[in-house]
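Q: need the 3D shape of this:
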Amino acid sequence: MNATDFEKIFERLVSMSREVLVEKAKQYANDDDRLHNFNKTAAFEGCTPEMIAWKFNLKHLASISDMVAKDEFFPPEVWDEKIGDAINYLILLRAIVFETDDHLAASSADYSTTEVRARHGLPPVQLTQNIVNQHTPDAPVQPVED
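A: Coordinates of the predicted model:
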């Protein structure tokens, strides 16, 4: 692939991601909290917003994995949509991590990460890693509807 074709794909995906994230924010966020649904769902589930973003993204990654594994043609628009969805959830995950890191760093001068997370009602980091470890490529993944 030449550089021009790559740049076209890149720009198309970035543009699509921007449009989708702006449009979905109208449905899933509010003026005070762009990550509202992740925070609220995490509270319902008793886990972290990071874990919710990861779980929501798993259905997109599973779909892409299925497409890669199948010996059939998928139109470029289908690839763009699926890959764009995964990119969007990774962007949202990054925003959640930034928010959490920023919040924890501001209050953690005299505390360990575990103590700070507990003060903010968050489970230990180890719990997050346990959830991620359960979803290895060979393990069956249950998609999460969003």
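Q: would you mind listing the buried residues in the helix or strand encompassing residue 53?
A: When elements are assigned from DSSP states H and E, residue 53 belongs to helix 49-69. By neighbour count on 16 or more other CB atoms under 10 Å, the buried set for helix 49-69 is 49-63. No exception for glycine: its C-beta is placed from N, CA and C like everyone else's.
Q: over to stretch 69-76?
A: Result for stretch 69-76 [16+ other CB under 10 Å]: no buried residues.
Q: longest helix anywhere in the protein?
A: In the chain, assigned by DSSP state H, the helix with the most residues is helix 76-106.
Q: what angle sits between that one and helix 49-69?
A: 160 degrees (axes from the mean of the first three to the mean of the last three CA atoms, to 10 degrees).
Q: now for helix 76-106, which elements pack on it?
A: Counting contacts by 3 or more CB pairs under 8 Å, 6 or more residues apart in numbering; DSSP states H and E, helix 76-106 is packed against helix 3-28, helix 49-69, helix 113-119.
Q: same thing but 6 Å
A: helix 3-28, helix 49-69 (3 or more CB pairs under 6 Å, 6 or more residues apart in numbering; DSSP states H and E).
Q: any chance of a markdown table for those helices, columns mean pLDDT and distance to residue 81?
A: Below are the helices and strands packed on helix 76-106 laid out as a markdown table (pLDDT from 0 to 100; distance: least, CB to CB, whole Å):
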| stretch | mean pLDDT | distance to residue 81 |
| --- | --- | --- |
| helix 3-28 | 94 | 8 |
| helix 49-69 | 95 | 9 |
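Q: and of these, who's closest to residue 87?
A: helix 3-28 (5.4 Å; CB to CB).
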